[in-house]
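[1] For reference, the sequence and a predicted model appear below.
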Amino acid sequence: QVQLVESGGGLVQAGGSLRLSCAASTRTFINYAVGWFRQAPGKEREFVAAITWGGGTPTYAESIKGRFTISRDNPKNTVYLQMNSLEPEDTAVYYCAASRGLTRIVSNYAYWGRGTQVTVSS
């Protein structure tokens, strides 16, 4: 069982930056790939970024490529999502999730955090 807790969300103006953190409750976290997803009101949850347990080449959604960076610090059991050049369209609840393999598919992730709200004002 892996418990995940997101933090770092908030209100920011367009063009600003935020860094989200995803902290895991167990050292076995290092055996999982971790993904970030987001869900805006009235929309389906969508993939944002993911990284393997070893921190290898991440994968990103096209809509955020070049603006967001995912990274992980295994000794700290934490994965980060650095978000730059934020746009109002990035407003959503952001979730981190853990999966046995690197994937963009929501249903392939077994463990989820409760999410953190990101609001970008224009």
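    Perfect, thanks for sending it.
[2] Pick out the residue nearest the middle of this structure.
    In the chain, the residue lying closest to the centroid (C-alpha atoms, centre = their mean) is Trp36, at 2.5 Å.
[3] Any regions of this protein where pLDDT drops low?
    Nowhere does the chain drop to pLDDT under 70.
[4] Tell me which residue of it is positioned farthest from its centroid.
    Largest centre distance within the chain, by C-alpha atoms, centre = their mean: Ser122, 22.4 Å.
[5] Quick check: it vs Thr59, distance?
    29 Å (C-beta to C-beta, to the nearest Å). Any C-beta I mention is one placed from the backbone N, CA and C, and that applies to glycine too.
[6] Identify the spatial nearest neighbour of Glu6, chain neighbours not counted.
    Thr116 (4.1 Å; C-beta to C-beta, 6 or more residues apart in numbering).
[7] Could you check how far that neighbour is from Asn74?
    From Thr116 to Asn74 the distance is 21 Å (C-beta to C-beta).
[8] what does Leu11 give?
    The value you get for Leu11 to Asn74, if C-beta to C-beta is used, is 31 Å.
[9] higher neighbour count, those two?
    Per other C-beta atoms under 10 Å, whichever of Leu11 and Asn74 has more neighbours is Asn74, with 15 against 12.
[10] Isn't the more buried one up against Thr28?
    No. If you go by C-beta atoms under 8 Å, Asn74 and Thr28 don't touch, sitting 11.0 Å apart.
[11] And stretch 100-119, end to end?
    One end of stretch 100-119 sits 30 Å from the other (C-alpha to C-alpha, to the nearest Å).
[12] Check stretch 12-32 too.
    Taking C-alpha to C-alpha, the first and last residues of stretch 12-32 lie 31 Å apart.
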